[in-house]
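Asker: take this sequence and fold it.
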Amino acid sequence: MLATLVAVALAPRLQLALVDSTPQVKVDGVWKGKLVYRNVGQGDLTTYVKAASQYGVHRAPTTVIQFRKIGAKEWRPAYVSPDCGNSNPIEPTDFQRIKPGGEVQVEATFTWSKLVVAADPEPGEFEVRVTFDTRAPIDRWIGGPLTEPAHSERRKSVQGLYDATPHDLFATNVVRVTVR
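Answerer: The predicted structure follows:
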């Protein structure tokens, strides 16, 4: 029992954060922010550090920018263009180890690498967050299309990194944005 408690206390923990965000944007303007992953645990953390598939159509994991009007209950995906879906085959170099207390900025793979998002078409006060969903099975992470034996070889090359990545639905802090 004590060993289990110690292992949980020392486990790496992933935290997402939006930093350097634009507090105001014009209608049809662009909101910008940077997404960082932080290791708030006491052990090394391995995670996928690319800007992942916006809508999860082509492969996992998914990174979704969400907006909602202040006071609204439901989050909705932001319009992002273009959305290539990040179907490129996953590579071992797409993962990075983060030391305890360390952080990395999510690497650019889309035009929204700095979370460049078309603003809502109406003025108002909005909240913005980003979710990162790593719960999908490894075969959804592979990308492609890859035929055999390339698919199996790719899976073998990233299996240990996938296994070391925390699998959960993570969300950033919420930032306020005024659309004028």
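Asker: pLDDT (mean, whole number) over the helix ranked longest in the chain?
Answerer: Of all the segments of type helix in the chain, defined by DSSP state H, the longest one is helix 150-164. Helix 150-164 carries an average pLDDT of 94.
Asker: pull out the buried positions in that helix.
Answerer: 151, 154-155, 158, 161-162 (16 or more other C-beta atoms under 10 Å). Where C-beta positions appear, they are placed from N, C-alpha and C, glycine not excepted.
Asker: show me what it is packed against.
Answerer: The contact analysis (3 or more C-beta pairs under 8 Å, 6 or more residues apart in numbering; DSSP states H and E) places helix 150-164 against strand 95-98, helix 138-141.
Asker: list the contacts of the residue nearest to T172 when sequence neighbours are not counted.
Answerer: Closest residue in space to T172, ignoring its immediate chain neighbours: L16 at 4.2 Å, by C-beta to C-beta, 6 or more residues apart in numbering. L16 makes contact with 35-38, 130, 132, 170-173 under the criterion C-beta atoms under 8 Å, 6 or more residues apart in numbering.
Asker: return the members of these classed as buried.
Answerer: 35-38, 130, 132, 170-172.
Asker: just so I know, which of the helices and strands packed on helix 150-164 lies nearest I65?
Answerer: Distance to I65, taken as C-beta to C-beta, is lowest for helix 138-141 among those, at 20.2 Å.
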